[in-house]
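>>> Only the shape, not the letters, is given here:
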């Protein structure tokens, strides 16, 4: 299997898993400390962004990937208004953005290291 296809599979799996976990009723979620919620948002969206960037490699991370992924995070938050025990949270969107930006930094670093020196 080629690496691009593997990253694309990882992307779709992480989108599906994040959607499922984000939209299930609160009563089915494990209890934990609030900070872990924000960390899980950052990690989930970082993985989604990283796998998208590696699955569909191109320039223009912010415009082509970061903004649509942040929109996905906002959509999840709006949909949570309809789920019993869930609520809309600007801090969750902020955590999503942090994960996306960290993935962007990793991609930028990877591209700068991989550039052939002249």
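Ah, there it is. On a predicted model such as this, the values are computed, not experimentally measured, just so you know. Numbers count the residues shown, from 1 in each chain.

>>> contacts, neighbours, all on C-alpha from now
Will do.

>>> So which bits of the lengthiest helix in the chain are buried?
If you go by DSSP state H, the chain has its longest helix at helix 90-114. Neighbour counts over helix 90-114 (16 or more other Cα atoms under 10 Å) mark 92-104, 107 as buried.

>>> any idea which helix or strand comes after the lowest-mean-pLDDT helix or strand in the chain?
Ranking every helix and strand in the chain by mean pLDDT, DSSP states H and E puts helix 61 at the bottom, with a mean of 72. Scanning forward in sequence from helix 61 by DSSP states H and E, the next helix or strand is helix 67-80.

>>> Tell me, how many residues neighbour residue 64?
12 (other Cα atoms under 10 Å).

>>> check contacts around it.
For residue 64, the contact set (Cα atoms under 8 Å, 6 or more residues apart in numbering) is empty.

>>> Go again with 10 Å.
Going by Cα atoms under 10 Å, 6 or more residues apart in numbering, residue 64 touches 53, 58.

>>> before we move on, what about residue 96?
38-46, 49, 69-74, 90.

>>> Not counting sequence-adjacent ones, nearest residue to it?
Using Cα to Cα, 6 or more residues apart in numbering and skipping the chain neighbours, the partner closest in space to residue 96 is residue 42 (4.9 Å).

>>> Surely that neighbour touches residue 97?
Yes. Counting by Cα atoms under 10 Å, residue 42 does reach residue 97; the two are 7.2 Å apart.

>>> Between these two, which contacts overlap?
residue 103.

>>> contacts for stretch 65-77?
By Cα under 10 Å, 6+ apart, stretch 65-77 touches 15, 18-19, 22-23, 41, 45-46, 48-50, 52-53, 56, 58-62, 78-80, 86-90, 92-101, 103-104.

>>> Against residue 27, how distant is residue 11?
27 Å (Cα to Cα, to the nearest Å).
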